[in-house]
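1. Sequence plus the predicted model coming up.
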Amino acid sequence: MTEPRPEHDQIKVISMPHMPRPVFVFSLFASIAAGTASLPAMAEDASALLQRLAHADEQQGVSVSEIASVSQSPFADMAELGEALFFDTNLSANRTMACATCHDPSMAFKDPRVDVASGAFSLGDDGKSLGDRNAPMAAYAKFSPPFHIREDGVAVGGQFWDGRAKDLAEQAGGPPLNPIEMGMPDKASIIARLREDEDYVAGFKALFGDDVWSDADQAYGAMTQAIAAFEQDEQFAPFDSKYDRFLRGEYKMTPQEELGRVLFFSQQFTNCNTCHMLKTSPTAEGETFTNYEFHNIGVPRNVATRNANGKDVAFTDNGLLDNAEIEDPSYRGKYKTPSLRNVAVTGPYMHNGVFADLETVVRFYNKYNSKAEVNQTNPETGKPWGEPEVVETISRDKLEQGDALDDKRIDAIVAFLKTLTDARYEPLLATQQASKEN
């Protein structure tokens with residue numbers, strides 16, 4: 001049996017209670033009225049004040065209704081509303097799961113629940129359902145272009161592993177309605193949950209118009225837009241890793257990190273930057289370390305985790321072919337190239353979480369350029385890597401470009417990849433290392 005398509009490659013984190021925000025009405029009026037009239041006494045009725053300011057404000061293109069709407073909102077803007085929604089467990093059937101559940105901001109926006117399916121798959125709101133794809137981090141997701149097929153036939157962009165959502169808003173609308181994730185039956189039920197909160201009622205009206213609650217589709221769309229606005233926040237993409245600081249002259253790479261950097265961007269010795277480089281220059285700031293293309297790299301089935309959790313070991317994930325816009329079987333088994341930002345702290349790896357360690361991932365790529373027996377063995381299992389889940393569409397032209405890597409170069413590439421960790425998550429690297437040593 002093929003499971004329903006999960007949306008665990010979506011935005012989700014640790015729940016926080018929604019707290020009402022104070023409204024500073026008079027400070028808003030003061031900024032609008034500056035230079036046109038003196039402030040009225042604080043005791044003046046708010047509606048009377050609005051009427052008295054009407055003519056002066058309309059001269060500046062600001063209407064009384066606009067001032068009133070903003071002043072009545074518990075949220076400063078759409079992003080602040082989206083933040084509240086992102087952490088709200090009331091958007092799941094049993095009120096146990098939020099966007100933040102699977103995309104914890106304290107853990108680089110990944111699912112922190114490694115005790116469930118070894119972190120490979122995410123547990124749903126019902127406490128028993130598991131997806132069949134690993135939840136990727138939500139950080140830096142905003143840079144992905146809308147899904148499209150280039151003239152050369154290569155699929156690019158979108159959200160989710162198969163690019164089926166065109167943008168962040170569409171992505172945010174998936175999990176609440178997914179039966180194996182947040183499990184809500186329909187949009188109307190979700191809107192009813194939102195309307196339980198007076199702050200949401202007022203905030204949605206102020207930000208989206210008085211009629212936003214008149215239609216479930218309209219209100220649901222407003223909700224997803226707000227979550228997407230929150231994902232535009234700087235905390236999702238701070239560009240402050242050691243690598244970024246190195247580019248700005250604020251950090252000096254260690255010899256090992258520098259070797260890894262040179263190898264990563266080399267056109268001769270590795271194939272890393274073939275898919276994991278967007279900019280034209282290896283020293284360009286704002287590099288996302290993905291070109292957003294879709295490829296099949298021959299990832300094997302996650303047999304061990306599936307066995308341990310009673311899932312169908314023989315199940316084949318069709319990848320890009322599950323995207324409603326794709327019918328050509330030549331796209332089967334292809335997945336969007338993920339960003340390598342924070343890659344050292346967001347394992348397990350690959351679309352199905354089959355590899356636990358970052359070094360294993362580098363060695364997996366190396367198997368395409370080395371026939372040595374040691375390089376045809378998975379160091380985590382001591383056994384051969386396993387047959388690819390989908391064989392016929394593997395991007396061998398990309399995978400077989402580089403030379404075989406020795407241990408020194410593999411270690412250097414891993415060291416460089418660690419420098420892509422956002423500053424706030426660098427302590428996780430130390431914790432990770434201590435765990436390995438124990």
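-> Nice, I can see it.

2. and this structure, what are its domains?
-> 25-71, 81-140+164-235, 242-437 (automatic domain parsing).

3. if you average pLDDT over the first one, what comes out?
-> Mean pLDDT, domain 25-71: 45.

4. Residue 389 and residue 303 touch, don't they?
-> No. Contact criterion C-beta atoms under 8 Å: residue 389 and residue 303 do not qualify, at 10.4 Å. Where you see a C-beta, it was placed from the backbone N, CA and C, and this is true even at glycine.

5. Pick out whichever of these two has more residues nearby.
-> Shown here are residue 389 and residue 303; by other C-beta atoms under 10 Å, residue 389 has more neighbours (22 against 14).

6. and residue 388, how many neighbours?
-> The burial count for residue 388: 16, using other C-beta under 10 Å.

7. That one - nearest residue in space that isn't next to it in sequence?
-> residue 298 (3.8 Å; C-beta to C-beta, 6 or more residues apart in numbering).

8. Report whether the expected contact of residue 183 with residue 96 is present.
-> No. Using C-beta under 8 Å, residue 183 is not in contact with residue 96, being 9.7 Å away.

9. any shared contact partners between these two?
-> Common neighbours of residue 183 and residue 96 (criterion: C-beta atoms under 8 Å, 6 or more residues apart in numbering): residue 125.

10. so where is the stretch 101-250 of the chain shaky, pLDDT-wise?
-> Along the stretch 101-250 of the chain, the model assigns pLDDT under 70 to no residue.

11. what number of residues lie near residue 371?
-> When neighbours are counted by other C-beta under 10 Å, residue 371 comes out with 9.

12. where along the protein do the strands fall?
-> Remark: strands assigned in the chain by DSSP state E are 148-149, 155-156, 294-295, 335-336, 377-378, 383-384.

13. can you give me how far the last one is from the chain middle?
-> Mean C-alpha position of strand 383-384 versus that of the full chain (C-alpha atoms, centre = their mean, to the nearest Å) differs by 32 Å.

14. tell me what that strand is packed against?
-> For strand 383-384, the elements it packs on are strand 377-378, judged by 3 or more C-beta pairs under 8 Å, 6 or more residues apart in numbering; DSSP states H and E.

15. which residues in the stretch 251-400 of the chain form helices?
-> Under the criterion DSSP state H, counting those that start in this stretch, the stretch 251-400 of the chain carries helices at the ranges 255-265, 272-275, 303-308, 358-366, 396-399.

16. Of those helices, which shows the lowest average pLDDT?
-> helix 303-308 (a mean of 88).

17. in this protein, which residue is closest to the centre?
-> residue 138 (1.5 Å; C-alpha atoms, centre = their mean).

18. Phi, psi for that one please.
-> phi -90, psi -10 (degrees, to the nearest 10).

19. my read: it touches residue 103, true?
-> Yes. Counting by C-beta under 8 Å, residue 103 is a contact partner of residue 138 at 4.3 Å.

20. separation between residue 278 and residue 406?
-> Using C-beta to C-beta, to the nearest Å, residue 278 is found at 28 Å from residue 406.

21. Quick check: the gap between residue 170 and residue 340.
-> Separation of residue 170 from residue 340 (C-beta to C-beta): 24 Å.

22. Between these two, point out the one with more neighbours.
-> Comparing residue 170 with residue 340 by other C-beta under 10 Å, the one with more neighbours is residue 340, at 23 against 18.

23. Leaving out sequence neighbours, find the closest residue to the more buried one.
-> Residue 340 sits nearest to residue 289 (C-beta to C-beta, 6+ apart), 3.8 Å away.

24. what's around that neighbour, how many residues?
-> Other residues lying near residue 289 total 23 when counted by other C-beta under 10 Å.

25. so it touches residue 274, yeah?
-> No. Between residue 289 and residue 274 there is no contact under C-beta under 8 Å: 12.0 Å.

26. which ones are touching residue 161?
-> Contacts of residue 161 by C-beta under 8 Å, 6+ apart are 9, 133, 136, 319, 335, 336, 351.

27. Would you mind giving those residues as JSON lines with neighbour count added?
-> Below are the contacts of residue 161 laid out as JSON lines (neighbours: other C-beta atoms under 10 Å):
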{"residue": "9", "neighbour count": "30"}
{"residue": "133", "neighbour count": "24"}
{"residue": "136", "neighbour count": "25"}
{"residue": "319", "neighbour count": "26"}
{"residue": "335", "neighbour count": "24"}
{"residue": "336", "neighbour count": "27"}
{"residue": "351", "neighbour count": "23"}
